[in-house]
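Participant: here you go, sequence then predicted model.
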Amino acid sequence: MTYTVRDASGNASTIQRTFIVADEVNPQVSLNGSGLIIVELGTSYIDSGVTYTDNYSITGAISVTSGVTKNGNSTSINTNVVGDYIVTYTVTDENSNSSTVDRTVRVIDTISPIITRL
């Protein structure tokens, strides 16, 4: 934008100002359901995902990625192995702003063994 000012004698001064419109706000992301899910050993698990919003998106190009770690190692949720699995969701908007949220899936074994006499 250019501003020009003139006085009564016709002298002028001009200044230019540049406006940059930038989206620097991260999307908001929240878990559907609880942040801690307890799953019994040997049963199935279906993740309920996330919900997200973004303050500004022309194309709607929002990406949602997820990954699972156990003890810091990349893996998948194995409901046949007891332990804590961390599901990390990352939501990134078209301007490369991103947010993450984690869910813990805890596989436990609460069923007592059955003892049979031979």
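Facilitator: Nice, thanks for sending it over. Numbers count the residues shown, from 1 in each chain.
Participant: strand partners of the helix or strand hosting residue 13, parallel vs antiparallel please.
Facilitator: In this structure, residue 13 is located in strand 12-16 according to DSSP states H and E. Paired strands of strand 12-16, with direction, are strand 2-6 (antiparallel) (DSSP bridges).
Participant: can you list the buried residues in the partner strand?
Facilitator: Residues of strand 2-6 classed as buried: none (neighbour count, 16 or more other C-beta atoms under 10 Å). Every residue, glycine included, has its C-beta placed from N, CA and C.
Participant: now stretch 48-55
Facilitator: 50, 52, 54.
Participant: what's the answer for stretch 71-83, then?
Facilitator: Those would be residue 77, for stretch 71-83 by 16+ other C-beta under 10 Å.
Participant: now for the helix or strand of the chain with the lowest mean pLDDT, which elements pack on it?
Facilitator: Least confident helix or strand, the chain: strand 63-70 with a mean of 86, by mean pLDDT, DSSP states H and E. Strand 63-70 sits against strand 73-75, strand 83-92, with contacts defined as 3 or more C-beta pairs under 8 Å, 6 or more residues apart in numbering; DSSP states H and E.
Participant: picking that back up, what's the mean pLDDT across the very next helix or strand once past the strand holding residue 13?
Facilitator: The first helix or strand that comes after strand 12-16 along the chain, using DSSP H and E, is strand 28-31. Averaging pLDDT along strand 28-31 gives 92.
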